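In: What follows is a predicted structure for the sequence shown.
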Amino acid sequence: MASPLTISARNLTLTLGQGDASVEILRGIDLDVATGEVLALLGPSGSGKSSLMAVLSGLERASGGTITVAGEDFAALDEDALAHARRGRIGIVLQAFHLLPTMTAAENVATPMELAGSKDAGPRARAELEAVGLGHRLGHYPTQLSGGEQQRVALARAMAPRPQLIFADEPTGNLDVATGHDIIELLFARRAETGATLIIITHDAELAKRCDRIVTIADGRIASDTAAK
Ligand SMILES: Nc1ncnc2c1ncn2[C@@H]1O[C@H](COP(=O)(O)OP(=O)(O)OP(=O)(O)O)[C@@H](O)[C@H]1O
């Protein structure tokens, strides 16, 4: 039996700005992603990859089309409802780590789960930080951590709620090659352990080949959609 779909989008559009200043960023995207699939999103700078990720992850509302993510009709939800639907279901890792500077590594991971009502946020945060090799850095603040360590904290924060769906937008963009490689290994390993669906934006053709499928975006449209192996 085919895996159920985690994402189903039809004729998805995104237009930002008003009147003469409006820009058509996504111009009719059709995309199905099966549960557990690992998908690489490629395309030139400015083609709309991050914008597509923002819509698929519920950070941005589509201007038109239909979109179902993890069983939720995202097109029917307002911003608050989208935020609620994201919680615990969708993990996001970005190029910039976006850690809160006044919180320790453990607090950065635990706090979003606490806000979502988790009763065991502390132990889960610790376990996830141990899983990404930071068990010895729980009490460190972001400024006391290297870039690679900060991205591990961000990865732990994304993974700790056990999301069904993980988005990573150039997660190695701010890291040197070796450190970036370690982060990708960890991301793939943690994903494999949880069976989550992963969508990763990358400019790295070698990394794309490790995914199940490669989708290329050009000028706000899907230019190609092929199996990677
Ligand atoms: N808030 C906004 N208002 C108007 N235009 C925007 C806005 N956000 C993004 N854009 C434009 O939308 C287009 C797509 O941007 P997006 O960041 O999705 O591209 P990308 O493929 O992820 O690029 P990169 O690889 O450089 O990160 C770009 O032309 C960008 O300038």
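Out: Yes, it's here. Numbering: from 1, shown residues only.
In: quick one: contacts for residue 128?
Out: Counting by CB atoms under 8 Å, 6 or more residues apart in numbering, residue 128 makes contact with 109, 156, 159, 160. No exception for glycine: its C-beta is placed from N, CA and C like everyone else's.
In: So which residues on the protein come close to the ligand?
Out: Contacts of the chain with the ligand, taken as CB under 6 Å from any ligand atom, map to 16, 17, 23, 25, 43, 45, 46, 47, 48, 49, 50, 51.
In: if I read this right, the last one contacts residue 61, doesn't it?
Out: Meaning residue 51. No - using CB atoms under 8 Å, residue 51 is not in contact with residue 61; the gap is 11.7 Å.
In: So the two - more neighbours on which side?
Out: Legend: neighbour count by other CB atoms under 10 Å for residue 51 and residue 61, higher for residue 51 (21 against 15).
In: Does that one lie in a helix or a strand, and which?
Out: helix 49-56 (DSSP states H and E).
In: Neighbour-wise, which one of the contacts of residue 128 leads?
Out: Of the contacts of residue 128, with other CB under 10 Å as the count, residue 109 tops at 31 neighbours.
In: That residue in helix, strand or coil?
Out: helix (DSSP: H, G, I helix; E, B strand; the rest coil).
In: Now do the residue lying closest to it once chain neighbours are set aside: how many residues are near it, please.
Out: Among residues not flanking residue 109 along the chain, residue 125 sits closest, at 3.8 Å (CB to CB, 6 or more residues apart in numbering). Using other CB under 10 Å, residue 125 has 27 neighbouring residues.
In: What score does residue 125 have for pLDDT?
Out: According to the per-residue confidence, residue 125 scores 96 in pLDDT.
In: what separates the strand or helix carrying it from the chain centre, distance-wise?
Out: Using DSSP H and E, residue 125 sits within helix 121-131. Centre-to-centre, helix 121-131 and its host chain are 20 Å apart (CA atoms, centre = their mean, to the nearest Å).
In: What are the buried residues along that helix?
Out: Within helix 121-131, the residues that qualify as buried are 121, 122, 124, 125, 126, 128, 129, 131, counting by 16 or more other CB atoms under 10 Å.
In: Please enumerate the helices of the chain.
Out: Taking DSSP state H as the test, the helices found in the chain are 49-56, 79-86, 105-115, 121-131, 147-159, 177-194, 205-209.
In: still on that earlier bit, what about the helix holding residue 51, average pLDDT?
Out: For helix 49-56, mean pLDDT rounds to 96.
In: Can you tell me what sits against it?
Out: Helix 49-56 has contacts (CB under 8 Å, 6+ apart) with 7, 9, 12, 14, 25-26, 29, 31, 41-43, 59-62, 67, 69, 74, 167, 169, 199, 201, 217, 220.
In: Can you give me every residue that contacts residue 137?
Out: Neighbour list for residue 137: 105, 129, 145, 149 [criterion: CB under 8 Å, 6+ apart].
In: Same question for residue 143.
Out: By CB under 8 Å, 6+ apart, residue 143 lies in contact with residue 101.
In: Pick out whichever of the buried residues of helix 121-131 sits closest to the ligand.
Out: Of all those, residue 128 has the smallest distance to the ligand: 27.3 Å, by CB to the nearest ligand atom.
In: looking at it, residue 222 is touching residue 32, isn't it?
Out: No - Residue 222 is beyond contact range of residue 32, at 11.3 Å (criterion: CB under 8 Å).
In: check contacts around residue 157.
Out: 91, 99, 108, 109, 112.
In: Looking at pLDDT only, which of those scores worst?
Out: By pLDDT, residue 112 ranks lowest within the contacts of residue 157, coming in at 91.
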